[in-house]
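In: just the structure for this:
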Amino acid sequence: MIAVINYGAGNTASVANALEELKADFKIVKTEDQICRADKIILPGVGHAAAAMKNLHILNLFNLLRILKRPLLGICLGMQLLCENSSEGDVACLGVLPGGTNEFDSKKNTVPHMGWTKINILQNSDLFDGIANNESFYFAHSFYVPLNKFTIADAQHGVKFSAAVVKNNFYGVQFHPEKSGTAGLQILNNFIEKC
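Out: Here you go, the predicted structure:
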């Protein structure tokens with residue numbers, strides 16, 4: 001069973017719709033016990049990092065999510081929350097990935113970065129099985145994770161940034177696979193079946 005964490009951060013319903021399309025066995029959850037019974041976990045996210053982290057603390061999920069041994073996929077804000085901190089609200093995050101997030105420079109580019117953008121796959125991963133390099137995915141974000149040693153794909157919006165990351169059992173995508181058509185569904189299916 002896949003646990004989709006509902007912590008008041010946005011796109012839970014659209015992720016659920018994509019999983020239904022894939023005929024995946026999933027539940028929308030918000031308790032430690034429900035997450036511990038899942039085989040895989042999805043941490044979706046749209047919204048403000050500080051508010052999202054506050055909600056994870058209120059639900060008593062902060063420590064659990066940091067030490068999970070099963071595969072977890074962070075989507076958009078969910079990926080950013082894997083970092084040590086976020087400059088959005090100057091908040092400490094889960095600390096799985098080193099460093100923090102940066103805000104796009106509105107003097108150089110449109111903020112938020114919104115729409116279809118090609119990704120450049122830097123490293124083979126089961127997450128990208130069947131995905132061609134330079135495939136386009138749907139993005140909607142004002143903050144980004146800089147390139148780091150766990151970046152497996154990048155994209156560009158004024159600066160190059162991490163489009164996807166992998167560290168051990170933690171996976172993250174800055175784009176929204178649930179809104180990215182066939183390629184996005186392939187990413188979700190890869191996470192479910194292969195990661």
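In: tell me which residues in the longest helix seen in the chain are buried?
Out: Of all the segments of type helix in the chain, defined by DSSP state H, the longest one is helix 181-194. Of the residues in helix 181-194, those buried under the neighbour-count criterion (16 or more other Cβ atoms under 10 Å) are A183, G184, L185, Q186, I187, L188, N189, N190, F191, I192. Backbone N, C-alpha and C define where each C-beta goes, glycine included.
In: over to stretch 8-28?
Out: A9, G10, N11, T12, S14, V15, A16, A18, L19, A24, F26, I28.
In: which residue packs closest to the fifth one, ignoring adjacent ones?
Out: Pointing back at S14 there. E178 (4.7 Å; Cβ to Cβ, 6 or more residues apart in numbering).
In: ok, the second one next?
Out: Ranked by Cβ to Cβ, 6+ apart and with sequence neighbours excluded, the top spatial neighbour of G10 is V46, at 2.8 Å.
In: that neighbour belongs to a strand, doesn't it?
Out: No: judged by DSSP: H, G, I helix; E, B strand; the rest coil, V46 forms no part of a strand; its state is coil.
In: residues making contact with the lengthiest strand in the chain?
Out: Among all segments of the chain classified by DSSP state E, the strand with the greatest residue count is strand 159-167. The list of residues contacting strand 159-167 from outside it, by Cβ atoms under 8 Å, 6 or more residues apart in numbering, reads 79, 82, 96-97, 104-105, 119-120, 123, 125, 127-128, 137, 144-148, 150-155, 171-175.
In: give me the pLDDT for the residue nearest to the spatial centre of the chain.
Out: Centrality entry for the chain: nearest residue to the mean C-alpha point is I75, 2.1 Å, by Cα atoms, centre = their mean. We note a pLDDT of 98 for I75 in this prediction.
In: list the contacts for the residue lying closest to it once chain neighbours are set aside?
Out: Leaving out its chain neighbours, the residue that sits closest to I75 by Cβ to Cβ, 6+ apart is P44, at 4.8 Å. By Cβ under 8 Å, 6+ apart, the residues touching P44 are V4, I5, A9, G10, N11, T12, V15, I75, C76, L77, G78, E178.
In: from the residues you listed, which land in strands?
Out: Using DSSP E, the members of these that fall in strands are V4, I5, I75.
In: let me know the pLDDT of the closest residue to F62 other than its chain neighbours.
Out: The shortest distance from F62 to any non-neighbouring residue, by Cβ to Cβ, 6+ apart, is to L56 (5.2 Å). The predicted local confidence for L56 comes out at a pLDDT of 96.
In: the one 3 residues further on too?
Out: Each residue has a pLDDT score; the one for L59 is 96.
In: in the protein, which ranges drop under the pLDDT threshold?
Out: Scanning the chain for pLDDT under 70 picks out no residues.
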